[in-house]
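>>> build me a structure from this.
(2 chains)
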Amino acid sequence: MGLLSKKDAKLITDPLADNNPITIQVLGICSALAITAQLKASIVMALSVMAVLAIGNVVISLMRNIIPSKIRIIVQLVVVAALVIIVDQVLKAFSYELSKTLSVFVGLIITNCIIMGRFEAFALANGPWKSFLDGIGNAAGYGLILVIVGFFRELLGSGTLLGFPVLGDPIEKTGLYAIGYENNGFMLLSPMALIVVGIIIWVQRSRNKALIED
Amino acid sequence: MGLKSSLHNLKEKYKGSKMAPAFNAIHTFLYLPNETTHGGTHIKVADDLKRTMNIVIMSLIPCLIFGMFNAGYQHHLALGEIGRATSFFDATFWNWDNLVIGLWKILPLVIVSYGVGLAIEFVFAIIKKHEVEEGYLVTGMLVPLIVPIDIPLWMLAVAVAFGVVIGKEVFGGTGMNILNPALTIRAFLFFAYPTWMSGDKVWVEGAVARDKAIMAGQNLDAISGETVLGALAQGKEVAYSTWDMFMGFIPGSVGETSALLILLGGLFLIFTKIGSWRIMLSSVVGALAMGLIFNWVVSSGWITESSKFYGLMSTVWWHHLVIGGFAFGTVFMATDPVTASQTNKGKWIYGFLIGFVSILIRVFNPAYPEGVMLAILLMNVFAPTIDHYVVQGNVKRRMKRLKVKTA
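Take a look at the predicted model:
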């Protein structure tokens, strides 16, 4: 690969599958359950986390040698809080409806375990470029699961994808609804998101036995 | 060559192959297996898993047959074609006309339930290379009995697939599940398709179709098939006598209306020592206790008729036993040996809390008038915790005794 060395590429590809933050490390579950009822919200959430995590990783990595280790958590919180507020304001400015759907969960990116986890585990010990790639990779791994869960929940729960009715009109009874199909209301409830994440974890581990711990 | 020996030959032929568990399952299901267990010490007893399951199914058969007659009876009654049945052996209830509707509507439910459930069991047995277990036999019979008669078959199929995979197979199959699979299936239906699991249309055959015809502009009377619980939750007058409720001449899920036949099934389970009398008894005690508390709250004037809880709270305390699915859940679901508490003291606590919480949910959450389903699922989760503390308590008591003796 010309652009990235093999090692650097691994920083991005690893969190997508074998070291996925959600399915392997089981971090960031709260937002994965809360906002995945719609695919659009999932995508926006994934992009927001990617922006915060990539930039935050770089900032922390640049400051890693001057942060006193005793107060490093507070410094990390300040960085992530500042970034989250910027993301929140951008969303409010350019996509108000969506920011209302995501409501408090944009603000709660601050408490997303993945972000603090990557700051602690990676950015404090690596240079800015590597940290940037790590941030992109982990956020992409997180986003991938969010999009998969959001896809199934919106398709089966509301019969739409990104707001477009793909299965027909449930009120006018067209498409699939004409033959008696109905939306699955359970899909819109958070417990079902947990079950969908569980099924992804199940499928992933049965395909790759090395991931199974006792 | 008879069926038994040809099955046996087939089994030998496919031994060790991928499909072996499927052939073994058919063989074991129809006949006593002609092999013994290998290795280890074993106790020889007659009541294997298959026989246990069959006894539970036998105790469910009266409810199923009653449900078939009731399906037709409620249909004709709602249309105003027949009068109310007055005694248990009334011919307006036990007649061919009613049974035909019941067979037509309920046999498909049974077939879908068994077909989908067993198919998944077979697939998992082949993938995981273990024998097909008999665990689904009872679940497959319970499921058609606890759903509304008009439930679309594809919904039932989806729910059964979900319940068997998520409720049972992910935990490792029969005997390893935390939640009762039949109730998992019902809970899935309830949350996924609430319009088909509640309201006043789905409990009587033909009410939904009639509703659609009216919407389309036909001049017909709507059929109302409100359950007793539904009517009480809305503070309406109940149109059925207590005797009707006990006999089961009321709308409701297919097999759970007749408290009388459930009682008989329960006695049969206790007599054959399959079901735990401790759980059944303590659950009834718990329900009665909660009923008495609510009656007391009403009689001391804390709740007036303007309250939305008044209808169910002022229900005579022991009526809770014969309305809704409480009796069915207590006798056939709470006693599931896999998901219930294992210790005797634990069974008392487990059962009591099921009864107690059932009535609590029933009264305080009119959106979920059938509290027994949620109460049993909740207590399923807590059953291991109850057992843990019972066992630890026993250990502590004996340790104390030991210390007193040695001191």
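>>> tell me the first helix or strand C-terminal of the lengthiest helix in chain A.
Ranked by residue count and defined by DSSP state H, the top helix of chain A is helix A:128-158. Tracing the chain C-terminally past helix A:128-158 and defining elements by DSSP states H and E, one meets strand A:160-161 next.
>>> just list what that next one packs against, helices and strands only.
Contact here means 3 or more Cβ pairs under 8 Å, 6 or more residues apart in numbering or on different chains; DSSP states H and E; on that basis strand A:160-161 packs against helix A:128-158. The C-beta positions use only the backbone N, C-alpha and C, and glycine is treated the same way.
>>> tell me the mean pLDDT over the helix it packs on?
Model confidence over helix A:128-158 averages 90 on the pLDDT scale.
>>> what about it and chain B, touching?
No: residues of helix A:128-158 contacting chain B under Cβ under 8 Å from any Cβ of the partner chain: none, with a closest distance of 9.1 Å.
>>> what residues does chain A have near chain B?
Of all the residues in chain A, those in contact range of chain B (Cβ under 8 Å from any Cβ) are A:180-182, A:184-187, A:189, A:195, A:198, A:202.
>>> ok, residue A:102 touching residue A:91?
Yes: checked against Cβ atoms under 8 Å, the pair residue A:102 and residue A:91 is within contact range at 7.2 Å.
>>> the two: who's more crowded?
Shown here are residue A:102 and residue A:91; by other Cβ atoms under 10 Å in any protein chain shown, residue A:102 has more neighbours (25 against 18).
>>> which ones are touching the more buried one?
By Cβ atoms under 8 Å, 6 or more residues apart in numbering or on different chains, the contact set of residue A:102 is A:35, A:41, A:44-45, A:91.
>>> which single one of these is nearest to residue B:249?
residue A:35 (48.8 Å; Cβ to Cβ).
>>> quick one: low-confidence residue ranges for chain A.
A:1-3, A:213-214 (pLDDT under 70).
>>> please, where are all the strands along it?
Secondary structure of chain A by DSSP state E: the strands cover A:160-161, A:164-165.
>>> list the contacts of the closest residue to residue A:112 other than its chain neighbours.
When the adjacent residues along the chain are set aside, residue A:112 lies closest to residue A:28, with 5.2 Å between them (Cβ to Cβ, 6 or more residues apart in numbering or on different chains). Each residue near residue A:28 by Cβ under 8 Å, 6+ apart is listed here: A:21-22, A:49, A:112-114, A:142.
>>> point me to the residue of chain A nearest chain B.
Closest residue of chain A to chain B, Cβ to the nearest Cβ: residue A:186 (3.7 Å).
>>> I'd say that residue and residue B:192 touch.
Yes: using Cβ under 8 Å, residue A:186 makes contact with residue B:192 at a distance of 3.7 Å.
>>> show me chain B divided up by domain.
Taking automatic domain parsing as the reference, chain B has its domains at B:17-33+B:48-268, B:275-407.
>>> residues contacting the nearest residue in space to residue B:379 that is not next to it in sequence?
Taking Cβ to Cβ, 6+ apart as the measure, residue B:379 lies nearest to residue B:354, with 5.0 Å between them; neighbours along the chain are not counted. Taking Cβ under 8 Å, 6+ apart as the contact definition, residue B:354 lies against B:279, B:283, B:286, B:329-330, B:334, B:372, B:375-376, B:379.
>>> those residues in helices, which ones?
Within the contacts of residue B:354, residues falling in helices by DSSP H are B:279, B:283, B:286, B:372, B:375-376, B:379.
>>> with distance to residue B:14 and neighbour count as extra columns, can I get these in JSON lines?
Below are those laid out as JSON lines (distance: Cβ to Cβ, whole Å; neighbours: other Cβ atoms under 10 Å in any protein chain shown):
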{"residue": "B:279", "distance to residue B:14": "41", "neighbour count": "26"}
{"residue": "B:283", "distance to residue B:14": "45", "neighbour count": "32"}
{"residue": "B:286", "distance to residue B:14": "50", "neighbour count": "25"}
{"residue": "B:372", "distance to residue B:14": "44", "neighbour count": "28"}
{"residue": "B:375", "distance to residue B:14": "45", "neighbour count": "29"}
{"residue": "B:376", "distance to residue B:14": "40", "neighbour count": "28"}
{"residue": "B:379", "distance to residue B:14": "42", "neighbour count": "27"}
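>>> okay, who's weakest in the residues you listed by pLDDT?
When the ones in helices among the contacts of residue B:354 are compared, residue B:372 shows the smallest pLDDT, 89.
>>> for chain A, see how far away it is.
Taking Cβ to the nearest Cβ, to the nearest Å as the measure, residue B:372 falls 20 Å from chain A.
>>> distance-wise, check the residue lying closest to residue A:124 once chain neighbours are set aside relative to residue A:123.
Once flanking residues are discounted, residue A:124 sits nearest to residue A:64: 5.0 Å by Cβ to Cβ, 6+ apart. In this structure, residue A:64 and residue A:123 are 7 Å apart, going by Cβ to Cβ, to the nearest Å.
>>> before we move on, what about residue A:107?
If you measure residue A:107 against residue A:123 using Cβ to Cβ, the figure is 22 Å.
>>> of those two, who's got more company?
For residue A:107 and residue A:123, the more surrounded residue by other Cβ under 10 Å is residue A:123, and the numbers stand at 28 against 14.
>>> correct me, but the more buried one touches residue A:134?
Yes: contact between residue A:123 and residue A:134 holds when scored by Cβ under 8 Å: they sit 7.4 Å apart.
>>> overlap of the contact sets of those two?
Taking Cβ under 8 Å, 6+ apart as the criterion, residue A:123 and residue A:134 both touch residue A:57.
>>> what comes up buried for the helix or strand harbouring residue B:58?
When elements are defined using DSSP H and E, residue B:58 is found to belong to helix B:49-78. Judged by neighbour count using 16 or more other Cβ atoms under 10 Å in any protein chain shown, the buried positions of helix B:49-78 are B:52-56, B:59-60, B:62-78.
>>> tell me how far residue B:318 lies from chain A.
When residue B:318 is compared with chain A (using Cβ to the nearest Cβ), they lie 35 Å apart.
>>> tell me if I am right that that residue is in a strand.
No: if the criterion is DSSP: H, G, I helix; E, B strand; the rest coil, then residue B:318 is helix and not within a strand.
>>> residue contacts, the nearest residue to it once chain neighbours are set aside?
Nearest non-adjacent residue to residue B:318, counting by Cβ to Cβ, 6+ apart: residue B:288, 6.3 Å away. Applying Cβ under 8 Å, 6+ apart to residue B:288 gives the contacts B:317-318, B:320-321, B:355.
>>> which pLDDT value belongs to residue B:288?
The per-residue pLDDT reported for residue B:288 equals 93.
>>> what helix or strand is it on?
Residue-wise, residue B:288 maps onto helix B:277-299 under DSSP H and E.
>>> doesn't residue B:23 make contact with residue B:132?
No: in this structure, residue B:132 is not within contact of residue B:23 by Cβ under 8 Å, at 9.8 Å.
>>> remind me what the helix or strand of chain B with the lowest mean pLDDT packs against, helices and strands.
Ranking every helix and strand in chain B by mean pLDDT, DSSP states H and E puts helix B:20-30 at the bottom, with a mean of 71. Helices and strands touching helix B:20-30, as assessed by 3+ Cβ pairs under 8 Å, 6+ apart, comprise helix B:3-13, helix B:96-128.
>>> how far out from the middle of the chain is the shortest one?
Meaning helix B:3-13. Averaged C-alpha coordinates place helix B:3-13 at 36 Å from its chain's average position (Cα atoms, centre = their mean, to the nearest Å).
>>> just the buried positions in that helix, please.
Of all the residues in helix B:3-13, those buried under the rule 16+ other Cβ under 10 Å are B:7-8, B:10-11.
>>> same check, this time on the longest one
Of the residues in helix B:96-128, B:98-99, B:101-102, B:105-106, B:109-110, B:112-114, B:116-118, B:120-122, B:124-126 count as buried by neighbour count, 16+ other Cβ under 10 Å.
>>> angle of that helix against helix B:20-30?
Angular relation of helix B:96-128 and helix B:20-30 on a 0 to 180 degree scale: 140 degrees, by axes from the mean of the first three to the mean of the last three Cα atoms, to 10 degrees.
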